[in-house]
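Asker: how would this look folded up:
(one chain, ligands or ions: 2)
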Amino acid sequence: MVPDTVVPFVPPTQFSPRVFSGVQPTGNLHIGNYLGAIKRFVPLQDSFECIYCVVDLHAITVWQNPNELKHNIHEVTAAYLASGIDPKRSIVFNQSQVSAHAELAWIFNCVARLGWLNRMTQFKEKAGKTQENASVGLYAYPALMAADILAYRATHVPVGEDQKQHLELARDIAQKFNTDFADRIAELDLGDSFFPLPDPLIQGPAPRVMSLRDGSKKMSKSDISDYSRVNLTDDADTIATKIRKAKTDPDNLPSEAAGLNGRLEALNLVTLFAALEETNIDAVLSTFGGGTFSVFKAALVDVAVAKLAPIGTEMNRLMAAPDYIQDVLRDGSMRARVIADETLNHVKDILGFVRG
Ligand code: AMP
Ligand code: TRP
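Answerer: Ligands and ions are numbered 1, 2, ... in the order given. Modelled structure (predicted):
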């Protein structure tokens, strides 16, 4: 079963609540990115100050074609806006325009321990068997992610389940910094601790969407098979074809959730249906349990097209107006810089750097 993980948030007294999250502009934005992350960003705008970043510095930890990178930065921005992120209420920007991220990341490279980074499973997966050939950036990636969050002293970080370990590392870095410099932080009158310990918000029915070709593998932008994922810019026909071709097993759908145990592909498709319809697995099975996959898949196509096609259409419309996207990113970067630079200046004072 995919757990419906809700990580309770206990507000720290010293820090006002603030949300930060990011998505890499590496192309092939898919329904997993949407259901696990972007869709969840939207309602948070009603309760929090939100900062949503296009993390282009993270993207270059593996080589990116410069022309495609530019297109992909626009694509993630368009996905944010098309999904309902309001660039007036929230800050929307790309990471490389705010130099404090890279500066704070360096400082965090000096706080994080090699042993901590050695444990990161994403590095092991992405570097594969050829770790010697992986970039140093890919290895140090989680320290940059901690810098993204802590530059804004963000308290809540909505992400998919695959980012949980990176969030724990960000908390460890914040904690070690607070402890290592506790005297200095007190001396400068910067509160009991300087950084909050950011809380992951890993919520909703689909924190980990699996590949349509293999229910044991995470749906991923980098899977060589385009049939493994539904992309946000897929048109209705493509969505229908991909769902019809999605792997299943020979049995009918079960009537109860327990019947999905060990049936990874069936569980994934039912979970997708539940997440798109904003319902739960039991409700989906009460309608489709006992029936065939072909009936269920036809209904899933209808829901997926109804929910995703308008987002894809709006993304394409926005991407055809790059000037507007540029304006959003410029305005967002200016607003982000004010907050991040202030944090960085405090950090420099805490460390004992001289500022002219
Ligand atoms: P990335 O594409 O790695 O930048 O991921 C952007 C966001 O999407 C992060 O919050 C991820 O945790 C989330 N995400 C990526 N893949 C999936 C997936 N298969 N299921 C759910 N969430 C995902
Ligand atoms: N590492 C995240 C991913 O691959 C993207 C990311 C970078 C991020 N910086 C972040 C997510 C800060 C949340 C907060 O999905």
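Asker: do you know how far residue 23 is from ligand 2?
Answerer: Distance, residue 23 to ligand 2, using C-beta to the nearest ligand atom, to the nearest Å: 6 Å. Just so you know, the C-beta spots here come from the backbone N, C-alpha and C atoms, and that holds for glycine as well.
Asker: Was I right to think that residue contacts residue 40?
Answerer: No: between residue 23 and residue 40 no contact is recorded; they are 11.8 Å apart, counting by C-beta atoms under 8 Å.
Asker: Could you check which of the two is surrounded by more residues?
Answerer: residue 23 (24 against 21; other C-beta atoms under 10 Å).
Asker: Chain neighbours aside, what residue packs nearest to the more buried one?
Answerer: In space, and not counting its chain neighbours, residue 23 is closest to residue 76: 5.1 Å by C-beta to C-beta, 6 or more residues apart in numbering.
Asker: and the one you found, how many neighbours?
Answerer: For residue 76, the count of nearby residues is 28 (other C-beta under 10 Å).
Asker: Thought residue 22 was touching it, still the case?
Answerer: No: using C-beta under 8 Å, residue 76 makes no contact with residue 22, being 9.0 Å away.
Asker: So which bits of the stretch 1-150 of the chain are right by ligand 1?
Answerer: Within the stretch 1-150 of the chain, the positions near ligand 1 by C-beta under 6 Å from any ligand atom are 23-24, 32-33, 36-37.
Asker: By neighbour count, which of those residues wins?
Answerer: Most surrounded of those: other C-beta under 10 Å gives residue 36, at 26 neighbours.
Asker: which SSE is the residue nearest to residue 23 in?
Answerer: helix 66-83 (DSSP states H and E).
Asker: What is that helix packed up against?
Answerer: strand 18-23, helix 39-44, strand 49-54, helix 56-59, strand 91-94, helix 293-319, helix 322-351 (3 or more C-beta pairs under 8 Å, 6 or more residues apart in numbering; DSSP states H and E).
Asker: close to ligand 2, is that helix?
Answerer: No: for helix 66-83, no contact with ligand 2 is found by C-beta under 6 Å from any ligand atom; the gap never falls below 10.5 Å.
Asker: now the angle between strand 49-54 and that helix, please.
Answerer: 150 degrees (axes from the mean of the first three to the mean of the last three C-alpha atoms, to 10 degrees).
Asker: Let me know the average pLDDT across helix 66-83.
Answerer: For helix 66-83, mean pLDDT rounds to 98.
Asker: chain center to that helix: distance?
Answerer: Offset of helix 66-83 from its chain centre (C-alpha atoms, centre = their mean, to the nearest Å): 14 Å.
Asker: which of the residues in it are buried?
Answerer: 69, 72-83 (16 or more other C-beta atoms under 10 Å).
Asker: picking up where we left off before, CSV please, covering the residues of the stretch 1-150 of the chain next to ligand 1 and showing pLDDT and distance to residue 217.
Answerer: Below are those laid out as CSV (pLDDT from 0 to 100; distance: C-beta to C-beta, whole Å):
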residue, pLDDT, distance to residue 217
23, 98, 20
24, 98, 19
32, 97, 11
33, 98, 15
36, 96, 15
37, 97, 18
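Asker: quick check, nearest of these to residue 103?
Answerer: Ranked by distance to residue 103 (C-beta to C-beta), these are led by residue 24 at 20.2 Å.
Asker: Following the record's annotation, map out the domains of this protein.
Answerer: 12-207+322-351, 226-318 (automatic domain parsing).
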